[in-house]
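Colleague: take a look and give me a structure for this.
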Amino acid sequence: MAKLGLIQIKPWLSSYVSKIRRQLRMLGAQLLEEHSSTGRLALGVATGVFIGCSPFYGVHFLIGAVVGKYLRLNQVAILLGEQISLPFFAPFVACASIQVGHWLRTGEAYQFDRNRLS
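Modeller: This is a model prediction of the structure:
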């Protein structure tokens, strides 16, 4: 019997499994290398961040896939940029939004004060 990681498989399945693994490896390499100039990668990450900050939780991946395909951007870069919507980054995104909004309205930076945070 052939062994695949911790799983033992039948010999007749071994060729099919190795073929599928080879195709997945080729697909992964193709995804990493598509549209991989530095400018296109930066645009892909920026697009992912923009999509990640949108309020469409749960469909960021689908929106990123469609936009990436339409604009011919690197799908992996978009996916990495979309990770800004993770809960760990939420306080930083909120603070940045407050700063940018205040700056656009008044022309100066917002001064965070402990008394205002209650």
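
Colleague: averaged pLDDT, the longest helix along the chain. What do you get?
Modeller: Ranked by residue count and defined by DSSP state H, the top helix of the chain is helix 11-33. For helix 11-33, the mean per-residue pLDDT is 73.

Colleague: counting contacts, what elements does it pack onto?
Modeller: If contacts are counted by 3 or more CB pairs under 8 Å, 6 or more residues apart in numbering; DSSP states H and E, helix 11-33 sits against strand 2-4, helix 75-82. In this view, the C-beta of every residue, glycine as well, is placed from N, C-alpha and C.

Colleague: doesn't A42 belong to a helix?
Modeller: Yes. Inclusion of A42 in a helix is indicated when DSSP: H, G, I helix; E, B strand; the rest coil is applied.

Colleague: any figure for the gap between it and N74?
Modeller: From A42 across to N74, the span is 10 Å (CB to CB, to the nearest Å).

Colleague: equivalent analysis for A90, please.
Modeller: Distance of A90 to N74, given as CB to CB: 26 Å.

Colleague: higher neighbour count, those two?
Modeller: Per other CB atoms under 10 Å, whichever of A90 and N74 has more neighbours is N74, with 25 against 11.

Colleague: phi, psi of that one?
Modeller: Phi and psi for N74, reported as degrees, to the nearest 10, are phi -70, psi 120.

Colleague: correct me, but it touches T38?
Modeller: No. Judged on CB atoms under 8 Å, N74 makes no contact with T38 at a distance of 10.8 Å.

Colleague: anything in contact with each of the two?
Modeller: Common contacts of N74 and T38, defined by CB atoms under 8 Å, 6 or more residues apart in numbering, are absent altogether.

Colleague: what's the burial count for E34?
Modeller: E34 - counted by other CB under 10 Å - has 16 other residues nearby.

Colleague: show the contacting residues for it.
Modeller: For E34, the contact set (CB under 8 Å, 6+ apart) comprises N74, Q75.

Colleague: right, I'll call it a day here.
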